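**Q** coordinates for the following, if possible.
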Amino acid sequence: MKTRTMVGTILMSVIMILSAFADGKDNIQSYFNDTANKVKATENPVEKRALLHESFRSMITAVEYVQRSSSLSVNDRMGTDGLKTVLKEKQNELAGDKGFTRVPDEQLNDFADYVVQDLEQADIVISISLITLLLIVILVALIVR
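**A** Numbering: from 1, shown residues only. Okay, the predicted model is just below:
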């Protein structure tokens, strides 16, 4: 009976951890999905571009803040570096910086959707631990407010 209880406890713990991790990843995707919806609801291309830029800036700031922690593991550091690189590339593409062609005004809606889809498929977020991922989500919420 003790073995059965122990195995059940371990299985439930693993399921809860995986669920919490998925929720953290979903929160980052949800953040950019909300941004994409705001972009599509806005008519002015300057405002669309500003919404996207601010979303990238907020997320990059949160990641950089987390990276300052001395307790960040090597895997988390690599994961946050990868996430930050992807976000900076998208930001550079939006603005037309560092060798990227600037996203045309008429394609901003499509670009916003592309960012969401790209982050959904990114393996980078998967390599970030649950605690680090949730810390990034919390910091973004604080920065945005």
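**Q** any idea how many residues pack against the nearest residue to residue 96 once chain neighbours are set aside?
**A** Closest residue to residue 96 apart from its sequence neighbours, by CB to CB, 6 or more residues apart in numbering: residue 102 at 2.7 Å. Just so you know, the C-beta spots here come from the backbone N, C-alpha and C atoms, and that holds for glycine as well. By other CB atoms under 10 Å, 13 other residues sit near residue 102.
**Q** also residue 97?
**A** Applying other CB under 10 Å, we find 12 residues neighbouring residue 97.
**Q** could you find the closest non-adjacent residue to it?
**A** Per CB to CB, 6+ apart, closest to residue 97 is residue 91, 7.8 Å.
**Q** please identify which helix or strand holds that neighbour.
**A** helix 74-95 (DSSP states H and E).
**Q** tell me what that helix is packed against?
**A** In this structure, helix 74-95 makes packing contacts with helix 45-67, helix 108-121, helix 130-144, judged by 3 or more CB pairs under 8 Å, 6 or more residues apart in numbering; DSSP states H and E.
**Q** now render those as a markdown table, adding mean pLDDT.
**A** A markdown table is the format used below for those (pLDDT from 0 to 100):
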| stretch | mean pLDDT |
| --- | --- |
| helix 45-67 | 92 |
| helix 108-121 | 90 |
| helix 130-144 | 69 |
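**Q** could those helices be laid out in a markdown table, adding distance to residue 76 and mean neighbour count?
**A** Formatted as a markdown table, those follow (distance: least, CB to CB, whole Å; neighbours: other CB atoms under 10 Å):
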| stretch | distance to residue 76 | mean neighbour count |
| --- | --- | --- |
| helix 45-67 | 8 | 18 |
| helix 108-121 | 18 | 17 |
| helix 130-144 | 5 | 18 |
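**Q** wait, the residue nearest to residue 96 touches residue 95, no?
**A** Yes - between residue 102 and residue 95 there is a contact at 6.3 Å, judged by CB atoms under 8 Å.
**Q** centroid residue for the chain?
**A** Centroid-nearest residue in the chain, with CA atoms, centre = their mean: residue 28, separated by 3.8 Å.
**Q** tell me which element it falls in.
**A** helix 2-41.
**Q** ok, now how distant is residue 58 from residue 94?
**A** In this view, residue 58 and residue 94 are 14 Å apart by CB to CB, to the nearest Å.
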